[in-house]
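Q: no sequence on hand, only this structure:
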């Protein structure tokens, strides 16, 4: 398989993928996620992904509503598959890598396998994921930037506004969603949003709720 691969639809992706459960991790199509891999089973997963030539890993969150065991947590049904686009050896047995999101998937079946990591049969039911910047003209950019500005002020944080203002809507919405400090349920809602407009609306709504909690003395994810 070539080093640089373009994915144009579900048919370009395998029906079985390795999955990496990670709480709080939100990967979205064309988003980039750094990972520090150190557990032996996931080191094996990376080795196998590289050896296969696919270089694909399915990121997914454990479901806190149905926790299962620490060793084998129950999973949400929807995750996002990413391709390893950068990798480095740390010198102490770890991999430092970057995943670039490809498309969201739905778990159809968790397979019985001999590998130390889980593998699942999946379907790719979000055709818009393969279309860059799909629906970005419908995003309430002004509302999103207003919510972001209020959040930064409330938490005494700073941001690169020049970079933010020059970012296309898709990159802006997805980067803010991936970096957001919210809980598993909120991040899963952002992941499962049917389109970019809805994801931006969810991000605005969750931010406003957290600002209201903070103003009222309630806890926020940053406390």
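A: Arrived safely, thanks for sending. Quantities reported herein were computed from a predicted structural model and do not represent experimental measurements.

Q: helix or strand right after the helix or strand containing residue 190?
A: Using DSSP states H and E, residue 190 falls within helix 184-192. Sequence order places helix 196-215 as the next helix or strand after helix 184-192, per DSSP H and E.

Q: and the longest strand belonging to the chain, how far out from the chain's middle?
A: As assigned by DSSP state E, the longest strand anywhere in the chain is strand 95-110. Distance of strand 95-110 from the chain centroid (CA atoms, centre = their mean, to the nearest Å) equals 8 Å.

Q: i'd like the first residue to be 608 from this point on
A: Yes, from this point I'll number from 608; that puts the last item at strand 702-717.

Q: pLDDT of that strand, averaged?
A: The pLDDT scores in strand 702-717 average 98.

Q: give the buried residues for the helix or strand just after that strand.
A: For strand 702-717, the following helix or strand on the C-terminal side (DSSP H and E) is strand 726-730. Neighbour-count burial for strand 726-730 flags 726-727, 729 (criterion: 16 or more other CB atoms under 10 Å). Heads up, the C-betas are built off the backbone N, CA and C, glycines and all.

Q: let's have the residues you listed in TSV, adding pLDDT.
A: Formatted as TSV, those follow (pLDDT from 0 to 100):
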residue	pLDDT
726	98
727	98
729	98
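
Q: closest one of those to residue 760?
A: Of all the buried residues of strand 726-730, residue 729 has the smallest distance to residue 760: 41.0 Å, by CB to CB.

Q: quick check: beta-bridge partners of that closest one?
A: residue 714 (DSSP bridges).

Q: from residue 697, how far out is it?
A: Distance, residue 729 to residue 697, by CB to CB, to the nearest Å: 30 Å.

Q: what's the answer for residue 712, then?
A: 29 Å.

Q: hmm, residue 718 is touching residue 728, no?
A: Yes - using CB atoms under 8 Å, residue 718 is in contact with residue 728, at 6.2 Å.

Q: quick check: neighbours shared by these two?
A: Both residue 718 and residue 728 are contacted by residue 623, under the criterion CB atoms under 8 Å, 6 or more residues apart in numbering.

Q: got a list of what the closest residue to residue 696 other than its chain neighbours touches?
A: Excluding its sequence neighbours, the residue lying closest to residue 696 (CB to CB, 6 or more residues apart in numbering) is residue 702, at 6.6 Å. Residue 702 makes contact with 642-645, 650, 653, 694-696, according to CB under 8 Å, 6+ apart.

Q: mark which of those are part of helices, please.
A: Residues of the contacts of residue 702 located in helices (DSSP state H): 650, 653.

Q: buried among the contacts of residue 702? Need that as a selection in ChimeraX.
A: In ChimeraX syntax, the buried subset of those is picked out as below (16+ other CB under 10 Å):
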select :642,644,650,653,694
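
Q: out of the contacts of residue 702, who's nearest residue 623?
A: residue 653 (16.8 Å).
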